[in-house]
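Visitor: here's a sequence, model it:
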Amino acid sequence: MDNESKTLNHILKVIEHLNRFNDIQSLMDRLLLEMRQYSNADAGTIYLNRDGQLSFSYVHNDTLFTSHADNKHLYTCHEIPINSNSLVGYAASTGEMFDIDDVYALEDDAPYCFNASFDRETGYRTRSMLVIPLRTTQNKLCGVLQLINAKDAQGQIVPFSDECKKYLPLFAFPAAEVIERCQMTRDFVLRMIRMIQLHDPYETGRHVYRVGSIAAEIYHRWALKHHLDADRIQREKDSLRLAAMLHDVGKVGISDLILKKPGILTREEFATVKGHCVYGARLFADPNTDLDRMIYNVALTHHEKWNGQGYPGAIDDIFAEGPPQLGPGKKGEEIPIEGRITAIADVYDALCSKRCYKKPWPEGKVLQVLQEEAGQAFDPELIEVFLSIHEIILAIKERFQEVPSDARYESGVC
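Guide: This next block holds a predicted model:
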């Protein structure tokens, strides 16, 4: 097999792998990784098209970030108009791929300009760049991908090769198609959350984004600590982000009179609310995919406690007639890892958030409670992991701040 055939065969395998993703964050991570590995690029970014603006959505940078799990910049948000005032705006508006040997040496009459604010903020030095618009086969613009600072065998920054400029655009159409599919999956999840919000006003889009993102980041760091296979980490992180967003999907089975009550619930009302874990699990009790299985586990076990004092506990038949009957609480590693992780993310965000019966707790007080409950309510190892990525947690909180209740839901990460 000649080199061209090997390259095309590799591209087809990568595209096949990308089609397995459900979560757009995990997809963008893998897409950037594959394209950077092929071009030996030090960094890369993806901007997605949101209502005619390019929204900063994902970033890799091997020089600045020792691990993608340490990258708080994943939760930075800014938008760029689709026009020639920027490199990605120009690529989006013209639909043309282009490359630059040195962004600081652009000609005065260049049809685009380079924004050096990131370099000034971080001390990074951008030089060579390859910019690729991502359009579907129907010519719909999904976004723009930038590859930054190609390196030679000695690690020196060089222009992107002719081979890269020939083959990397072959990723563009299939990548755009997969991005569009993942956005549709995210939209479907958000529609389910809107349905929950009709019953529970606290189940906001921002709350579930925070819980989903925090859970995914806890899992990533925990999985790296346990030296899990990279493909397994990516696959399970992909499912967990969406599953954690749907942790309270079972609230559709709880009366509005209880969920919308403006105050603390009675003992009987709280007992009724506990049934939402079972109702949520019933929706995914016959899993057809790994994502279904993950949602089932998260919905059923995110209120279990490490010491066995949580709910709904071990239940023989979740479809038994009548209100769900709670069983003896599961404890320790009887609780699936995804349930233990989501429990921490959900409680953390609930304590940090405003409710009709309480003000948001100060960050220090929330962290103190989590540490005190390590080994009681929460897996102590996972609390250590949570604390080790606190800077990323704060970036997630900042990124997904609450907005007025009539604001539209986002269909993506930014």
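
Visitor: any low-confidence regions in the stretch 251-400 of the chain?
Guide: For the stretch 251-400 of the chain, the stretches with pLDDT under 70 are 356-357.

Visitor: quick one, helices of it?
Guide: 256-259, 267-273, 276-283, 290-301, 337-352, 363-372, 380-388, 390-399 (DSSP state H, counting those that start in this stretch).

Visitor: run through who's touching stretch 90-106.
Guide: The set of residues external to stretch 90-106 that reach it, using Cβ atoms under 8 Å, 6 or more residues apart in numbering, is 47, 49, 54, 82-84, 87, 111-114, 116, 126-133, 135, 139, 141, 143-144, 159-160, 165, 169, 172. In this view, the C-beta of every residue, glycine as well, is placed from N, C-alpha and C.

Visitor: whoops, stretch 11-28 was the one
Guide: Counting by Cβ under 8 Å, 6+ apart, residues outside stretch 11-28 touching it are 30-31, 34, 46, 57-58, 74, 167, 170-171, 174-175, 178-179, 182-183, 185-186, 213, 216, 234-235, 237-239, 241-242, 291, 412-413.

Visitor: before we move on, the earlier item: what would the helices of the stretch 251-400 of the chain look like in a markdown table with distance to residue 122 and mean neighbour count?
Guide: As requested, the helices of the stretch 251-400 of the chain are arranged in a markdown table below (distance: least, Cβ to Cβ, whole Å; neighbours: other Cβ atoms under 10 Å):
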| stretch | distance to residue 122 | mean neighbour count |
| --- | --- | --- |
| helix 256-259 | 44 | 15 |
| helix 267-273 | 46 | 13 |
| helix 276-283 | 42 | 22 |
| helix 290-301 | 35 | 23 |
| helix 337-352 | 28 | 23 |
| helix 363-372 | 25 | 14 |
| helix 380-388 | 22 | 18 |
| helix 390-399 | 15 | 17 |
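
Visitor: what would the ones you listed look like in CSV with distance to residue 322?
Guide: What follows is the helices of the stretch 251-400 of the chain, written out as CSV (distance: least, Cβ to Cβ, whole Å):
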stretch, distance to residue 322
helix 256-259, 17
helix 267-273, 12
helix 276-283, 11
helix 290-301, 18
helix 337-352, 24
helix 363-372, 35
helix 380-388, 34
helix 390-399, 40
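
Visitor: of all these, which one is nearest residue 7?
Guide: Across the helices of the stretch 251-400 of the chain, residue 7 has its closest neighbour in helix 290-301 (30.6 Å, Cβ to Cβ).

Visitor: elements contacting that closest one?
Guide: Helices and strands touching helix 290-301, by 3 or more Cβ pairs under 8 Å, 6 or more residues apart in numbering; DSSP states H and E, are helix 230-245, helix 276-283, helix 337-352.

Visitor: hang on, the earlier thing: turn the buried ones among the contacts of stretch 90-106 into a named ChimeraX selection, would you?
Guide: Command for ChimeraX, covering only those of these found buried under the criterion 16 or more other Cβ atoms under 10 Å:
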select :47,49,54,82,87,112,114,126,127,128,129,130,131,132,133,135,141,143,144,159,160,165,172
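
Visitor: among the contacts of stretch 90-106, which ones are in strands?
Guide: Filtering the contacts of stretch 90-106 for membership in strands, criterion DSSP state E, returns 47, 49, 54, 129-133, 135, 141, 143-144.

Visitor: among the helices and strands packed on helix 290-301, which comes closest to residue 316?
Guide: With Cβ to Cβ as the criterion, residue 316 lies closest to helix 276-283 of those, at 11.8 Å.

Visitor: ok so, going back, buried ones among the contacts of stretch 11-28?
Guide: 30-31, 34, 46, 57-58, 74, 167, 171, 174-175, 178-179, 182-183, 185-186, 213, 216, 234-235, 237-239, 241-242, 291, 412-413.

Visitor: and residue 398, what is it in contact with?
Guide: If you count contacts by Cβ under 8 Å, 6+ apart, residue 398 has them with residue 75.

Visitor: tell me how far it lies from residue 213.
Guide: For residue 398, the distance to residue 213 under the criterion Cβ to Cβ, to the nearest Å works out to 11 Å.

Visitor: overlap in contacts of these two?
Guide: What both residue 398 and residue 213 touch, as defined by Cβ under 8 Å, 6+ apart, is the set residue 75.

Visitor: wait, residue 78 sits on residue 54?
Guide: No - using Cβ atoms under 8 Å, residue 78 and residue 54 do not qualify as a contacting pair, with a distance of 9.4 Å.

Visitor: contact partners for the closest residue to residue 39 other than its chain neighbours?
Guide: Once its chain neighbours are removed from consideration, residue 39 has its nearest residue in residue 164; the separation is 4.5 Å (Cβ to Cβ, 6 or more residues apart in numbering). Listed by Cβ under 8 Å, 6+ apart, the contact set of residue 164 reads 38-39, 130, 147, 150.

Visitor: most neighbours out of the residues you listed, which is it?
Guide: Of the contacts of residue 164, residue 147 is surrounded by the most neighbours, 26 neighbours in total, counting by other Cβ atoms under 10 Å.

Visitor: what about it, which helix or strand?
Guide: For residue 147, the host element (DSSP states H and E) is strand 141-151.

Visitor: strand partners (parallel or antiparallel) of that strand?
Guide: Looking at strand 141-151 with DSSP bridges, its paired strands and their directions are strand 41-50 (antiparallel), strand 129-135 (antiparallel), strand 157-158 (antiparallel).
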